[in-house]
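Novice: based on what follows, work out the 3D shape:
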Amino acid sequence: MIDLGKHNVLGIEVNAIDYDAAVDRVIAAGKQRKSMAVTALAVHGVMTGVSDQEHRYRLNQFDLVCPDGQPVRWALNWLHGCELSDRVYGPNLTLHLCQAAADSDVSVFLFGGTDEMLREFSRTLGDRFPGLHIAGIRASEFRTLSPSECDALAEQINDSGAGICFVGLGCPRQEVFAYEMRNKIEMPMVAVGAAFAFHAGMLSQAPNWMQRHGLEWLYRLVCEPRRLWKRYLTTNPAFLFRLGCQRLGLLHRQVDQGRQPKTTIRFG
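Specialist: The predicted structure follows:
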């Protein structure tokens, strides 16, 4: 079990942690019904914080920021000598947490995606983890919620009796949701991005060899070129350039806390 605390990656505090330690922390908080904001960031997630001061502030308030992408793990190893042997990939973290939740009698709530996606995701989890109790599901409205709708959603999740809430709204909406709801929802909120679509069978994952070599972005680019070309062909080079500058001491010498958001955004 590895948990080396938070380390500066381009001004974002990322936990140098493995699956076992991440699961242990989330399950412990889930048993206590203790609020906790958790995410797993790949390059795009990190760079969203780099380019947006308010979002950088949100990310640096999270309790646990896992290194989802291989390049983020490599950055921790290269910059800070963490010697992590594996990343903490959101879709796999979801499965690890569901197994631990089933073993610990901690129920889960699924929030995000469409009704169809949630039905398939729930079925997959039920088949794979017979002891897992899914306390509730709620599809996204794909819009900004009113204050009263936001309160009603928090009440629904809390009243379900769940100990963990998985959030699948996509980056950065899911991180905004977890940040804004951290004082309303009384359990860990785990932002896991495409895990819902992957495990529902609606989106294919890159082959293992591509994942191991940090080429998952290329697989997704080939699958969705029109949607993702700008993200990967501009964001990835910018990440590498800034990483080199941080290593040379030219940029991101300290964690940049960013700017506290002035307005509340209620994605749901």
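Novice: does residue 232 really touch residue 223, like I thought?
Specialist: No - using CB atoms under 8 Å, residue 232 is not in contact with residue 223, being 11.6 Å away. (Each C-beta comes from the backbone N, C-alpha and C, glycine too.)
Novice: between those two, tell me which one has more neighbours.
Specialist: Per other CB atoms under 10 Å, whichever of residue 232 and residue 223 has more neighbours is residue 232, with 16 against 12.
Novice: for that one, give me the pLDDT.
Specialist: Looking at residue 232, its pLDDT is 80.
Novice: in contact with it, which residues?
Specialist: If you count contacts by CB atoms under 8 Å, 6 or more residues apart in numbering, residue 232 has them with 217-218, 220-221.
Novice: rerun at 7 Å
Specialist: 217, 221 (CB atoms under 7 Å, 6 or more residues apart in numbering).
Novice: and it, helix, strand or coil?
Specialist: For residue 232, the assignment made with DSSP: H, G, I helix; E, B strand; the rest coil gives helix.
Novice: and this structure, what are its domains?
Specialist: Domain assignment for the chain by automatic domain parsing gives 3-199, 208-247.
Novice: now do residue 76 against residue 33, distance only.
Specialist: To residue 33, residue 76 is 31 Å away according to CB to CB, to the nearest Å.
Novice: of those two, who's got more company?
Specialist: Per other CB under 10 Å, whichever of residue 76 and residue 33 has more neighbours is residue 76, with 23 against 16.
Novice: tell me how far the more buried one lies from residue 82.
Specialist: Per CB to CB, residue 76 is found 4 Å from residue 82.
Novice: can you give me the helices for the stretch 51-200 of the chain?
Specialist: 53-59, 70-80, 90-104, 115-128, 147-159, 173-181, 195-199 (DSSP state H, counting those that start in this stretch).
Novice: which secondary structure elements does the third one contact?
Specialist: Read it as helix 90-104. Using 3 or more CB pairs under 7 Å, 6 or more residues apart in numbering; DSSP states H and E, the elements in contact with helix 90-104 are helix 19-31, strand 164-168, helix 195-199.
Novice: 8 Å instead?
Specialist: Judged by 3 or more CB pairs under 8 Å, 6 or more residues apart in numbering; DSSP states H and E, the packing partners of helix 90-104 are helix 19-31, strand 108-112, helix 115-128, strand 164-168, strand 188-191, helix 195-199.
Novice: no more questions from me, cheers.
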